[in-house]
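Visitor: model the structure of this input:
(chains A, B, C, D and E)
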Amino acid sequence: MLEKKLSNPELAEKAEKEEEDYFDYFYDTPGSAPGTLSIEEDASPSTIILIDYNEAKASRTKIATPDECKLYLDTESVSWVDVQGLGNEDMWHKLASVFQLHPLVLEDVVNVPQRPKVEEHENQLVAIALMVLPKENRAGFESEQVSFVLGKHYLLTVQEKPEHDCFGPVRERIRNAKGQVRKHGADYLAYALLDAVIDGYFPVLEDYGERIEQLEDEVVLNPNRNTLQEIYKVRRELLALRRAIWPQRSAINALIRGQSYLISHEVQIYLRDCYDHVIQVLDILESYRELTSGLMDVYLSALSNKMNEVMKLLTVISTIFIPLTFIVGVYGMNFNPEASPFNMPELNWYWGYPAFWTGTIAIALGSIYFFWRRGWLQSFDSINKD
Amino acid sequence: MLEKKLSNPELAEKAEKEEEDYFDYFYDTPGSAPGTLSIEEDASPSTIILIDYNEAKASRTKIATPDECKLYLDTESVSWVDVQGLGNEDMWHKLASVFQLHPLVLEDVVNVPQRPKVEEHENQLVAIALMVLPKENRAGFESEQVSFVLGKHYLLTVQEKPEHDCFGPVRERIRNAKGQVRKHGADYLAYALLDAVIDGYFPVLEDYGERIEQLEDEVVLNPNRNTLQEIYKVRRELLALRRAIWPQRSAINALIRGQSYLISHEVQIYLRDCYDHVIQVLDILESYRELTSGLMDVYLSALSNKMNEVMKLLTVISTIFIPLTFIVGVYGMNFNPEASPFNMPELNWYWGYPAFWTGTIAIALGSIYFFWRRGWLQSFDSINKD
Amino acid sequence: MLEKKLSNPELAEKAEKEEEDYFDYFYDTPGSAPGTLSIEEDASPSTIILIDYNEAKASRTKIATPDECKLYLDTESVSWVDVQGLGNEDMWHKLASVFQLHPLVLEDVVNVPQRPKVEEHENQLVAIALMVLPKENRAGFESEQVSFVLGKHYLLTVQEKPEHDCFGPVRERIRNAKGQVRKHGADYLAYALLDAVIDGYFPVLEDYGERIEQLEDEVVLNPNRNTLQEIYKVRRELLALRRAIWPQRSAINALIRGQSYLISHEVQIYLRDCYDHVIQVLDILESYRELTSGLMDVYLSALSNKMNEVMKLLTVISTIFIPLTFIVGVYGMNFNPEASPFNMPELNWYWGYPAFWTGTIAIALGSIYFFWRRGWLQSFDSINKD
Amino acid sequence: MLEKKLSNPELAEKAEKEEEDYFDYFYDTPGSAPGTLSIEEDASPSTIILIDYNEAKASRTKIATPDECKLYLDTESVSWVDVQGLGNEDMWHKLASVFQLHPLVLEDVVNVPQRPKVEEHENQLVAIALMVLPKENRAGFESEQVSFVLGKHYLLTVQEKPEHDCFGPVRERIRNAKGQVRKHGADYLAYALLDAVIDGYFPVLEDYGERIEQLEDEVVLNPNRNTLQEIYKVRRELLALRRAIWPQRSAINALIRGQSYLISHEVQIYLRDCYDHVIQVLDILESYRELTSGLMDVYLSALSNKMNEVMKLLTVISTIFIPLTFIVGVYGMNFNPEASPFNMPELNWYWGYPAFWTGTIAIALGSIYFFWRRGWLQSFDSINKD
Amino acid sequence: MLEKKLSNPELAEKAEKEEEDYFDYFYDTPGSAPGTLSIEEDASPSTIILIDYNEAKASRTKIATPDECKLYLDTESVSWVDVQGLGNEDMWHKLASVFQLHPLVLEDVVNVPQRPKVEEHENQLVAIALMVLPKENRAGFESEQVSFVLGKHYLLTVQEKPEHDCFGPVRERIRNAKGQVRKHGADYLAYALLDAVIDGYFPVLEDYGERIEQLEDEVVLNPNRNTLQEIYKVRRELLALRRAIWPQRSAINALIRGQSYLISHEVQIYLRDCYDHVIQVLDILESYRELTSGLMDVYLSALSNKMNEVMKLLTVISTIFIPLTFIVGVYGMNFNPEASPFNMPELNWYWGYPAFWTGTIAIALGSIYFFWRRGWLQSFDSINKD
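Guide: Numbering: from 1, shown residues only, chains lettered A, B, ... in the order given. Now for the predicted structure:
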């Protein structure tokens, strides 16, 4: 195995890169105290951006240490603290004390990736969501944890990696006072951001829809070894996508049904819309999964069909030539014609050789007619390249 | 792949056309404000038809701008405003203000196709349904979104495309005061229209029933490559149908269980009947899906059976002739009879050649008898055209 | 396809007949008014039989027009009105007015087949059930809708076809005052009849049990093309049976849980027994479905096994004779022994020919021993007729 | 089919015997009155044993007619009436009147086998359970219905067949006043007996565990036709076992949740333990079923692997010898060397024949090297006996 | 079978060792009294360690007989009694009397392995959990029962085997007063230990994740017989893992929802986190199971692909050489050229032999071109080692 792998280094490497992500998960060292933070060495340094707005005005500040947030938290205006990148442990403990985060909440926010969920804590609603981004060339997707901590007048969001930011359009809407975002509180902001996260699944799904369509063509016109691998890869990634979105369904449902005073009735109506989108994503995923499993069946049948064609070719050639080879063998025998008048007198006949060819060609044509009647010959036109 | 596709242009094109529809869905640009309308360039212009009726009289008006509806909305008579075609954004904003539609409702109605659902808003019940129409020649189905906004004395319906209209018979019943439609309020009208939408699934199902029956015959009498593709296509389309009808089940169930004052008790009994029809559609779909998956198994077995036949033919021919070819080879050897009395004296025997043929034919007949006893020969009659 | 069909007319015809029934269903023309009746041209004319009884006496009357029932409906004695055959529309409207049937109830009773269900209407309980009857020679089953309308002192039953009557034994029990039927009210009668309908599933199931046992033997001893079709047919019919009985489960459950004043507590205990029978039917159906799906797997493996045998035969024959044919070819070459002492001196050896045969037979025996050791030869005994 | 069956009489007979049991069920003649008893001709005669005990003393009496029980039923001590064998109808009617059994209860007890269940009747709790016993040599299991009727101070148990008795250990515990059975009432006795019935499933499961382990070895080391049949048989029997134990789960759950005054709180705790055992049985069954379905996949792959080996052998032999046979054919041609210097001068070369052998052997070795490099030759070692 | 097994002794032995564990379960002898203890002969002797702590101090005592615990149980400080190894029956009865254990609880704790569960008893909460440990070299996992009995101020834990101890880190945290464990009561300790048990599943899962990744590479690059067995083994072990963790989900859920006064609100929040971990484990298991079942499909297709390659090689060789062999046979015939001018005059032509070779090579090249166009030749490069 290992040798093989090394002999196909580029393939192995590619496999390495692609397969690592999808079924990743965080787990504590068994027995460690709850609330232990575990930040990877190479985590991006954190950037903290505070946007403070009400209907009248909006300001944007880049913040150096979490303590600076304190000023904004108690005001009536909405304060959105956006942390990008997981940074270092020290910063997190400061942040936790500013926002009075429960140790388990801090753990969920920092030790990524966690399973998406919604939890109610005293004066806070905590939501863990998973954002996805399509890779280039329909080569799958990347995922990133986004955490929300919603208070009465503030929203703390944490994005795992600073390079992908799906909150841009919302930030734009706040700056331009476009839409309703400036007219509502922090709960509406949380909804708007969550909706942006969920809507991010659709472009990824679209990629898969196109890959499946392509596979449908390929499996019929030109099934080959790569088709199979591609089908398996798509199934694998759809499975991973489902694992990401499924818990968000119940999380958002919990928000809608929940009686938290932090979410106004008006925003619950908007969340219902967001819930509809999640259901739609799940619906499409389910359909895609059934389609790929159907594709696998079609692929297997296509293989069997191909094998049938190969066997038919062999059978046709053999059936025509094996009897003929027997006949020519007969006339290659060395029975001594002089020993007896019965011994191969054909060899001395005047029309012997032409008669042999006549018989031979008749047998060959007969066989060909037999196969043509059964339609075997026509089907060779369709033997495809493998 | 691409070359192949181009070399089969008509096939590729057909695939293009057919496969686009079934798994279509609308999604917002991630991060866009809720309530953003998105009407395709080539959407049909809207026609608005208002039918106002009570038990005594019924009038039909074609309306130019939504504002004209205002007159009718406050009267006691039932006002049915039917919008056909998605038209332009401007018209929708006017309509929204006349009917006081929530921005999210407007979005659901205009940004098609949405997932079917029922939502209660202040003074309004909103239902999104999906209508289906059989294509000609059992070539699948088309679908179209139909939206209902039910108020106390009015019903607003929106049809995505003006060319398909399944509301004709109901309009007829209103004009002729046939049945009970004129005796009831807007809720009964909504039921009658919804029922027409649901009953529209049956002719589509009937097409599939017939396609499956045809496939059942084909898979037994003459399984070929197209059979497989057809089975896959039917599975795919049944899946799409199920995706369309499934959410309507819970939507209508919500209407029946719901306590909305907009739906009278009497109409709830009728809705129960409509719910029964949805269940029946789902039942049949489920049966059809199981049948197609059974068909796939039968197809695979049929392929194996065919391969068996091909292999048997090869084996029969080879088993008969390969030993004989060996024998004729023996008597074609050039051992020098003069060098030794043991060297192929058969070649000089008086009855040598006849004895050879006797032996040969005996061996051939023996083989044939062997195969005939095992029934292999009979089965070649059933090798079908592929 | 068509030609094939015509060339197998008896098969095609058989298919026609058998496949029509099982997935039949009734649907309205989309848009038609609820309550529209649709009786087939060739429906059997109705016979109405009224049986009126209490503990003391029982009378049986054949009734010409529904109006005659009126006399009996208000008395304290139980009046059982049994309508056999769907007759004509006119009769139904009269019946509806006598029994005060809701238009939707009338539709369910007349437009057969409907999905089984139980509905409560004012003063009436309506139940739709599906009766099944085994066909002769285990050739599947026939089904027929039976409808019940239960009032305080009366029971209206409607049987789709007059020729099958599963109510005979109950009628007998009423006449002979056997069992408890005369001591209870109309609700007990409804139970007794419903129980007769449900118990009618068992003989049908027994047929399938036997067909499956037969298939189990066949798939092992002698798998062939018909086995496959038979398995598919059994699966198809079990699916149809399940579709018939499944909704009756929830219908009867609704009766038991329901609080209708029309069903006494005593009869609810009996209904619980009836419910147990439905569950038992479903249990058995589920087991049978799993068995048939297991049979399909066994069948596919049996095919593979057979193919293995065929390939082994070919391989054995080829492996023995192809090398030998090479050898005889060698000694058929015309190298000139006179041109060189190296040129095929074997041909002139004294023991050349016997040596050739010794070698040949040794090689053949060696091959045979090789295959015998691996057990290939023994397995040919088991190649069965196809 | 029939002939085949007769030609394998011992196999057919074995099949007869084994397959009858597992999916057996009782059903009434449709339309018969509820409560009709149906005892098979060859039912074992009943033996009635009454054990009467309290904490102080225990007595055991063999009873001739049910009426003798009356004396014991009203006393405070626990009376356990154990009926073994279904006997005759007359006895049952007497028993029913002594214990005041509802006709439906009597039917459930006598018309075996019924679906396991628990039902509450006035002053009585009725439980139907299914006992299983492993057959010898891991040849499946036998099942027998055990019915319980629990009253305030008595327990009536009915065992279908007298020969299997799983109540022995409990009887022993009563006699020896071992454990807690003598300290509690009839409800504890019912629990103890039910627990004995449930625990009887474990030895049967153990048999299946071992059969599956054996099959796992067989399918890898030596897959053959019997393996397949055995897998199917195990699946079939596990299905039957599941059908027996599944309804007992809900039955016992009903006992635990139930509010019957006949079951004390203390005994409910014990029943919870019994429920745990049922769940464990179901868990194991489910695992076994998944394992057997995995085994079927492995078996199919093993078949494919074997076919691959067979084909490879054929291909290796053919690829080596077919070209060589062509070459020897060339030098067997009769082109006249005298007619032209181009006509087969090789035949007259001094080194012609040695050169031929050199070439031939080189080609053969080349092919063998080709196959050896691809590892085909090594794999023949593993071709197993079939 | 047996012989085979013996001839592969190391394989058989390995199978013995590995397969025993995963589906192990404890069951009582049917009919035995509840509460009967059953300790295996070779059970490890018990070690009892008592750790008594409060926020201020912590002490650790090794205890000889259970009676010594009595002193600690009534104090306000938390007493953790950890029993390692199942020891002997005598000790258990003493322990039961000290802790006032219900006989059924004692049975569950001692008769291992039981199904995980949580039960509330008077003044005690009893939890049965299953701990898993990865074996070396990713060779599966071992499992061990861990039981918890939680009282007001004490926690009794029982570990089946003393050699594996996953409680070390928690013990450390108590000694060092690290984290919050010293600040809370016995309920927090129970949570901390349960969390350690659950977190122990993740390293095991990680092993499986890597095995599956390896299998994914293997099935594509080099599918062979071992791949199949490995896939089956992984499926089998995932099934066993699922059987272990699944009941813990509902057990912990019961703890969270439960209203036991023994668990404080604060600790319930921590348990929610623990529940999240269980769900995560189940999620991953489910994904892995779907992946392995997909792998099986890929493996089967890979087998079919390989067979296709083998058949193609045979077909290519046969198609090229069989016709040529026929031709050389023709010119090996002995028709007498002197008997007639038609008899094989080619043999005497001047360019006869060169013409023969020209034709032969043309035919061979034509066939090769035919196969090259269809891409058959290229694909032989990819025939892998088996």
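Visitor: can you map out the helices along the stretch 1-150 of chain A?
Guide: Counting by DSSP state H, counting those that start in this stretch, the segments of the stretch 1-150 of chain A that form helices are A:2-7, A:9-21, A:70-73, A:89-99, A:103-110.
Visitor: how about the stretch 251-386 of chain A?
Guide: Taking DSSP H, counting those that start in this stretch as the criterion, the stretch 251-386 of chain A carries its helices at A:265-330, A:352-373.
Visitor: and stretch A:131-140, end to end?
Guide: One end of stretch A:131-140 to the other measures 14 Å (CA to CA, to the nearest Å).
Visitor: closest residue of the stretch 51-200 of chain A to chain D?
Guide: A:Arg115 (25.2 Å; CB to the nearest CB). In this view, the C-beta of every residue, glycine as well, is placed from N, C-alpha and C.
Visitor: can you check the stretch 201-350 of chain A too?
Guide: Residue nearest to chain D within the stretch 201-350 of chain A: A:Gly332 (6.8 Å; CB to the nearest CB).
Visitor: who are the contact partners of that residue?
Guide: A:Gly332 makes contacts with B:328, B:332, C:332, D:332, E:329, E:332-334, as judged by CB atoms under 8 Å, 6 or more residues apart in numbering or on different chains.
Visitor: ok, now A:Gly359?
Guide: By CB under 8 Å, 6+ apart, the contact set of A:Gly359 is A:Ile327.
Visitor: could you do A:Leu104 as well?
Guide: A:34-35, E:269-270, E:273.
Visitor: pull up the residues of the stretch 151-300 of chain A that are close to chain D.
Guide: On the criterion CB under 8 Å from any CB of the partner chain, chain D has no neighbours in the stretch 151-300 of chain A.
Visitor: pLDDT below threshold where in the stretch 151-300 of chain A?
Guide: Within the stretch 151-300 of chain A, no stretch has pLDDT under 70.
Visitor: please redo it, this time with the cut-off set to 80
Guide: Counting by pLDDT under 80, the stretch 151-300 of chain A contains low-confidence ranges at A:163, A:221-222, A:225, A:258-259.
Visitor: quick one: distance of stretch A:200-218 to the chain centre.
Guide: Relative to the centre of its chain, stretch A:200-218 is centred 9 Å away, using CA atoms, centre = their mean, to the nearest Å.
Visitor: quick one: contacts for the nearest residue to A:Leu101 once chain neighbours are set aside?
Guide: Nearest residue to A:Leu101 in three dimensions, chain neighbours excluded: A:Val149, at 6.8 Å (CB to CB, 6 or more residues apart in numbering or on different chains). By CB under 8 Å, 6+ apart, A:Val149 lies in contact with A:99, A:101, A:105, A:109, A:124-126, A:155-157.
Visitor: filter the residues you listed down to the buried ones, ChimeraX style.
Guide: For the buried members of the contacts of A:Val149, the matching ChimeraX selection, counting by 16 or more other CB atoms under 10 Å in any protein chain shown, is:
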select /A:99,101,105,109,124,125,126,155,156,157
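Visitor: any idea which of the contacts of A:Val149 is closest to D:Asn308?
Guide: A:Val109 (53.5 Å; CB to CB).
Visitor: that closest one reaches A:Glu160, doesn't it?
Guide: No: the pair A:Val109 / A:Glu160 is not scored as a contact, 9.6 Å apart, by CB atoms under 8 Å.
Visitor: per-residue confidence at the residue of the stretch 201-350 of chain A at minimum distance from chain E?
Guide: Going by CB to the nearest CB, chain E is nearest to A:Val328 of the stretch 201-350 of chain A, at 3.4 Å. Looking at A:Val328, its pLDDT stands at 88.
Visitor: pretty sure it contacts E:Met333?
Guide: Yes: the pair A:Val328 / E:Met333 is scored as a contact, 5.8 Å apart, by CB under 8 Å.
Visitor: still on that earlier bit, highest neighbour count among the contacts of A:Leu104?
Guide: E:Tyr270 (24 neighbours; other CB atoms under 10 Å in any protein chain shown).
Visitor: any idea how far it lies from A:Leu104?
Guide: 7 Å (CB to CB, to the nearest Å).
Visitor: ditto for A:Ala362
Guide: Taking CB to CB, one finds A:Ala362 at 89 Å from A:Leu104.
Visitor: and what of A:Thr292?
Guide: Separation of A:Thr292 from A:Leu104 (CB to CB): 38 Å.
Visitor: what's near enough to touch the nearest residue to A:Ser143 once chain neighbours are set aside?
Guide: Spatial nearest neighbour of A:Ser143, excluding adjacent residues (CB to CB, 6+ apart): A:Val132 at 4.9 Å. Going by CB under 8 Å, 6+ apart, A:Val132 touches A:141-144, A:200-201, A:204, A:241, A:244.
Visitor: closest to the centroid, which residue in chain A?
Guide: With distances taken as CA atoms, centre = their mean, the residue of chain A nearest its centroid is A:Glu237 (2.7 Å).
Visitor: thinking it is in contact with A:Phe141, fair?
Guide: Yes: applying CB under 8 Å, one finds A:Glu237 in contact with A:Phe141, separated by 7.0 Å.
Visitor: now do the same contact list for the nearest residue to A:Ser340 once chain neighbours are set aside.
Guide: Ranked by CB to CB, 6+ apart and with sequence neighbours excluded, the top spatial neighbour of A:Ser340 is B:Tyr350, at 4.2 Å. By CB under 8 Å, 6+ apart, the contact set of B:Tyr350 is A:339-340, A:342.
Visitor: need those in a markdown table with neighbour count and pLDDT, can you?
Guide: Below are these laid out as a markdown table (neighbours: other CB atoms under 10 Å in any protein chain shown; pLDDT from 0 to 100):
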| residue | neighbour count | pLDDT |
| --- | --- | --- |
| A:Ala339 | 18 | 83 |
| A:Ser340 | 17 | 83 |
| A:Phe342 | 17 | 85 |
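Visitor: ok, these vs chain C, which is closest?
Guide: Distance to chain C, by CB to the nearest CB, is smallest for A:Ala339 among the contacts of B:Tyr350, at 16.6 Å.
Visitor: right, and the closest one touches B:Leu347 too?
Guide: Yes: using CB under 8 Å, A:Ala339 is in contact with B:Leu347, at 7.4 Å.
Visitor: quick one: pLDDT of A:Asp386?
Guide: In this model, A:Asp386 is scored at 41, pLDDT.
Visitor: ok, now A:Ser379?
Guide: 64.
Visitor: please apply the same query to A:Glu119.
Guide: 89.
Visitor: that one and chain C: what is the separation?
Guide: 37 Å (CB to the nearest CB, to the nearest Å).
Visitor: nearest residue to that residue other than its sequence neighbours?
Guide: That would be A:Val126: by CB to CB, 6+ apart, it lies 4.8 Å from A:Glu119.
Visitor: list the contacts for that neighbour?
Guide: Counted by CB under 8 Å, 6+ apart, A:Val126 has contacts A:105, A:108-109, A:118-120, A:147-150.
Visitor: I appreciate the help and will end here.
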